[in-house]
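Enquirer: Curious how this folds, go ahead:
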Amino acid sequence: MTDEIVIDVKNLTKDYGNNRGIFDFNFQIKKGEVVGFMGSNGAGKTTTIRNIMGFLKPDKGKITVCGLDAWKDAEKIKKYIGYIPGEIAFPDLKTGTLFLQSQAEFLNVKDMSYANYLIEKLQLDPTANLKRMSKGMKQKTAVVAALMANPDILILDEPTTGLDPLMRVAFIEILEEEKSKGKTILISSHMYEELEKICDRVILIDKGKILN
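Expert: Below is the predicted model of the structure:
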């Protein structure tokens, strides 16, 4: 881990009214740091992540990723980030294989050896019909798609949802490997024991406020 700040969140507010949203968030994530977002459903984890990704425009405050403005430079920033959304929606393609091939083309991935390693590690059958996959299979496919281009930053919103206990272990092992490569990782979960294994520190969120 270095002192270089990769993600810088200052006074971030997204107010949905009726005390819903996130209010005055301030935190920084350094290069090579693994940070957890801990909070119950509806606490504000996904809203924060969607602001960092540039999908939402803050009502107040500013976010920079690698020195770029998260809202204005969203397209540039996405080149550095492997992202697993909380709600996975796949395009209208027949199989997981076709989806991963289209992702590889989009991300300019020529060598599929790391993708194949992940597929094997997660025991994923990518030939399955994309629309008929179980929640766990969809989650595994999203993991492979997010990591296959070997991005410097990983932003993972509840990434183990739908995974059985054995696959959760396999996923944490993959993250430990990513951590050893010096990746900067932000991972949200409502299970503390999951974050405890992998994170350098955990940010606690409750009802749109950071508690620590």
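Enquirer: What distance do you get for the residue most central in space within the chain to I198?
Expert: Centroid-nearest residue in the chain, with C-alpha atoms, centre = their mean: L156, separated by 1.8 Å. Using C-beta to C-beta, to the nearest Å, we find L156 at a distance of 10 Å from I198. Placement of C-beta: from N, CA and C, glycine included.
Enquirer: Between these two, which contacts overlap?
Expert: Shared contacts of L156 and I198, defined by C-beta atoms under 8 Å, 6 or more residues apart in numbering, are found at 185, 187.
Enquirer: Can you list the residue ranges for strands in the chain?
Expert: Secondary structure of the chain by DSSP state E: the strands cover 5-17, 20-30, 34-38, 60-65, 68-69, 81-84, 153-157, 184-189, 201-206, 209-210.
Enquirer: Show me which residues of the second one are buried.
Expert: Of the residues in strand 20-30, 22-23, 25, 27, 29-30 count as buried by neighbour count, 16 or more other C-beta atoms under 10 Å.
Enquirer: now, the most widely separated pair of the residues you listed?
Expert: F23 and K30 (24.1 Å; C-beta to C-beta).
Enquirer: By residue count, tell me the biggest helix in the chain.
Expert: If you go by DSSP state H, the chain has its longest helix at helix 165-180.
Enquirer: The residue nearest to the centre of the chain and I84 touch, don't they?
Expert: Yes: L156 is within contact range of I84, at 4.6 Å (criterion: C-beta atoms under 8 Å).
Enquirer: So which elements touch the lowest-mean-pLDDT helix or strand in the chain?
Expert: Each helix and strand of the chain was given a mean pLDDT (mean pLDDT, DSSP states H and E); the minimum falls on helix 192-198 at a mean of 88. On a contact count with 3 or more C-beta pairs under 8 Å, 6 or more residues apart in numbering; DSSP states H and E, helix 192-198 meets strand 34-38, helix 165-180, strand 184-189, strand 201-206.
Enquirer: out of the ones you listed, which comes closest to I63?
Expert: strand 184-189 (11.8 Å).
Enquirer: Which secondary structure elements does the closest one sit against?
Expert: Partner elements for strand 184-189 (3+ C-beta pairs under 8 Å, 6+ apart): strand 5-17, strand 20-30, strand 34-38, helix 45-52, strand 153-157, helix 165-180, helix 192-198.
Enquirer: shaky segments in the chain?
Expert: Residue ranges of the chain with pLDDT under 70: 1.
Enquirer: burial of T13, as a residue count?
Expert: 15 (other C-beta atoms under 10 Å).
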